[in-house]
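> mind folding the following:
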Amino acid sequence: MKISRGFQAQFLAVCLFATSCETREKTTELSEPSPAPVVEDTVPQAQRKWPLLNQKNFEPFLMGYFQTHSQRKIALNTPYGQIKFELFDDTPLHTANFLMLIERGYFKGTVFTRVIDKFVIQGGTNDSEIEEVKRILIGAYDLPPEIRSNRVHRKGALAMAREYENNPDMLSSAYNFYIVEGEVLNIPQIMSIERQHDVSISSQKREVYTTIGGTPHLDGKHTVFGQVYEGWDALEKLSAIPTDKSDWPLEPHYTDFEIIQ
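Take a look at the predicted model:
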């Protein structure tokens, strides 16, 4: 059975979710420690008024944020135009977390770290000192899965990455997201995915993946909490930007999100 090149890339690239995509490989050579970052010079004063989140207090805080913030539409500004997303009400922790990060300006300055044509566009964390400081100030925590059977990895899905090793509860990263570009699949490809991943793809989902496209082998493994509704041309152009052998874009593309409604 002949499998398309894009389909092969899906299987080769699935490992990108198995480990944190926060940084590239760093040198192991010893060096003098860098001076501590000057927080006051890089973080707005207003940002320090937020509580420091941890694994014990993040859930009540995010649920309160979800209940008091009704915005559900966001936009990603790209050189190719805006990509607009609607966030879901049935994934309150993931939705609230993403809105909160946008409001706090976390994504300003972060770049997309892995872009795989016909698969996914991933970002949210990199090795910039400013982003490391922001994460320290926001807090260290992981989100419990909010996987819904009706939220699938169709083209344009917005989801959170996670660690695969030592993560039996399938906790989501609080910062590391991806956007599905995927591709339209045929029935033999879907059957191959079912055998390869020991899953059953319903007829309803088959209709989605054979007409709209996506990455069905990620269903049930990650929380999908949003969906593109406008800006499909920009999404396709962003997914096709040149990258190096590690799928890192050759030119920086920034994750410039804003809340629009």
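> distance of the spatially most central residue of the chain from residue 199?
Centrality entry for the chain: nearest residue to the mean C-alpha point is residue 177, 1.3 Å, by C-alpha atoms, centre = their mean. To residue 199, residue 177 is 23 Å away according to C-beta to C-beta, to the nearest Å. All C-beta atoms are positioned from the backbone trio N, CA, C, and that covers glycine.
> for whichever helix or strand residue 207 is part of, C-alpha coordinates in PDB please.
Assigned by DSSP states H and E, residue 207 belongs to helix 203-211. Coordinates of the C-alpha atoms in helix 203-211 are reproduced here as PDB (Å, rounded to 0.1, in the frame of the first residue of the first chain):
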ATOM      1  CA  SER A 203     -17.700   6.700  10.600                       C
ATOM      2  CA  GLN A 204     -18.400  10.300  11.700                       C
ATOM      3  CA  LYS A 205     -14.700  11.000  12.200                       C
ATOM      4  CA  ARG A 206     -13.800   9.300   9.000                       C
ATOM      5  CA  GLU A 207     -16.000  11.800   7.200                       C
ATOM      6  CA  VAL A 208     -14.100  14.600   8.800                       C
ATOM      7  CA  TYR A 209     -10.700  13.300   8.000                       C
ATOM      8  CA  THR A 210     -11.500  12.300   4.400                       C
ATOM      9  CA  THR A 211     -13.000  15.700   3.600                       C
END
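> so where do the strands sit in the protein?
Along the chain, the segments classed as strands by DSSP state E run 73-78, 81-87, 112-116, 120-123, 142-143, 157-160, 172-173, 177-180, 224-230, 256-259.
> packing partners for the fourth one?
Right, strand 120-123. In terms of contacts (3 or more C-beta pairs under 8 Å, 6 or more residues apart in numbering; DSSP states H and E), strand 120-123 is packed against strand 112-116, strand 177-180, helix 232-239.
> go on, the first one?
Contact partners of strand 73-78 among helices and strands, from 3+ C-beta pairs under 8 Å, 6+ apart: strand 81-87, helix 92-103, helix 232-239, strand 256-259.
> report the buried residues of it.
74, 75, 76, 78 (16 or more other C-beta atoms under 10 Å).
> that strand pairs with which strands, parallel or anti?
strand 81-87 (antiparallel), strand 256-259 (antiparallel) (DSSP bridges).
> also the fifth one?
Partners of strand 142-143 in the sheet, by DSSP bridges, are strand 172-173 (antiparallel).
> make TSV from the strands of the chain and add distance to residue 237 and mean pLDDT to it.
Formatted as TSV, the strands of the chain follow (distance: least, C-beta to C-beta, whole Å; pLDDT from 0 to 100):
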stretch	distance to residue 237	mean pLDDT
strand 73-78	8	97
strand 81-87	8	98
strand 112-116	11	96
strand 120-123	11	97
strand 142-143	30	98
strand 157-160	18	98
strand 172-173	26	98
strand 177-180	13	98
strand 224-230	13	98
strand 256-259	15	96
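> so can I have TSV of these showing distance to residue 105?
Shown next, in TSV, are the strands of the chain (distance: least, C-beta to C-beta, whole Å):
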stretch	distance to residue 105
strand 73-78	14
strand 81-87	18
strand 112-116	17
strand 120-123	15
strand 142-143	20
strand 157-160	19
strand 172-173	19
strand 177-180	16
strand 224-230	19
strand 256-259	10
